[in-house]
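A.B. asks: give me a 3D structure for the following:
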Amino acid sequence: MTDSLMMRDKEAVGGECREKLPVVSPAVDIYQSDDEFMLVTEMPGVNESSVEIVFDQGILTIEGRTERLDCPSLDGFKLTHSEVITGNYRRVFRLSEEVDIEKTDAVMKDGVLTLRMPKHERAKARKISVRSE
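C.D. replies: Coordinates of the predicted model:
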């Protein structure tokens, strides 16, 4: 990750009790090519309809929500131990001016969110030819 591209928000996340629905800070991989940045994050249990991606004043916020599944076959049982995370996913990044947010594309597949963020033309690497005089 390029420091000039994104800087993680230092907000405290996670550790809340289940009644308040914990906020999970999902791990993120960030890739860079000459033309674009790509952000990949796992958000298990989240479908695309519950993902919200907002860009406001240079800040990119990714949020998603999971719900505990109701299993009708569990009639007569009560939950005595749970390790399945039910709650909210949230990550916040400060984007550099290199990103062309208008052309950003987001795809959710099998619990993995991929954002492709093209660079502005002016931010792309260019080779400068040298001429003689």
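
A.B. asks: roughly how far does the residue nearest to residue 105 when sequence neighbours are not counted sit from residue 33?
C.D. replies: Spatial nearest neighbour of residue 105, excluding adjacent residues (Cβ to Cβ, 6 or more residues apart in numbering): residue 116 at 4.7 Å. Where C-beta positions appear, they are placed from N, C-alpha and C, glycine not excepted. Counting by Cβ to Cβ, to the nearest Å, the gap from residue 116 to residue 33 is 10 Å.

A.B. asks: between those two, which one's more packed in?
C.D. replies: Neighbours were counted for residue 116 and for residue 33 using other Cβ atoms under 10 Å; residue 116 has more, 16 against 11.

A.B. asks: pLDDT weak spots in the protein?
C.D. replies: 1-21, 68-73, 85, 123-124 (pLDDT under 70).

A.B. asks: would you map the strands across it?
C.D. replies: 6-8, 23-24, 28-32, 36-42, 51-56, 59-65, 88-95, 105-109, 112-118 (DSSP state E).

A.B. asks: for these, give me a markdown table that also has distance to residue 132.
C.D. replies: Putting these into a markdown table (distance: least, Cβ to Cβ, whole Å) gives the following:
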| stretch | distance to residue 132 |
| --- | --- |
| strand 6-8 | 41 |
| strand 23-24 | 59 |
| strand 28-32 | 34 |
| strand 36-42 | 35 |
| strand 51-56 | 46 |
| strand 59-65 | 46 |
| strand 88-95 | 41 |
| strand 105-109 | 43 |
| strand 112-118 | 35 |
